[in-house]
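In: could you look at this predicted model? Sequence included:
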Amino acid sequence: MRVLFKDSNFLELDIAAPDAAEKLGGALGVPLAWWGRANVNSPEAQEPPGEVA
């Protein structure tokens, strides 16, 4: 793919790879602590089903 884009900043990334978060976080310069964890930090995920906040 890099040949198609011809840009040294292009990052080809397999999002299913075990090291995908580290590679993307390194390229962006920020940690991606919640990579692959859907709704872990949302209030809805922490409340029992059926209850309203």
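Out: Perfect, I can see it now. Residues are numbered from 1 along each chain as shown.
In: who's in contact with the closest residue to Trp35 other than its chain neighbours?
Out: Nearest residue to Trp35 in three dimensions, chain neighbours excluded: Ala21, at 3.6 Å (C-beta to C-beta, 6 or more residues apart in numbering). For every residue, glycine as well, the C-beta is placed using N, CA and C. If you count contacts by C-beta atoms under 8 Å, 6 or more residues apart in numbering, Ala21 has them with Leu32, Trp35, Gly36.
In: give me the element Ala21 is part of.
Out: helix 20-28 (DSSP states H and E).
In: which residues of this structure fall in helices?
Out: 2-5, 20-28, 43-46 (DSSP state H).
In: least confident of these, on average?
Out: Least confident of the helices of the chain, judged by mean pLDDT, is helix 43-46 with a mean of 56.
In: need the per-residue pLDDT for Asp7.
Out: Listed pLDDT for Asp7 reads 76.
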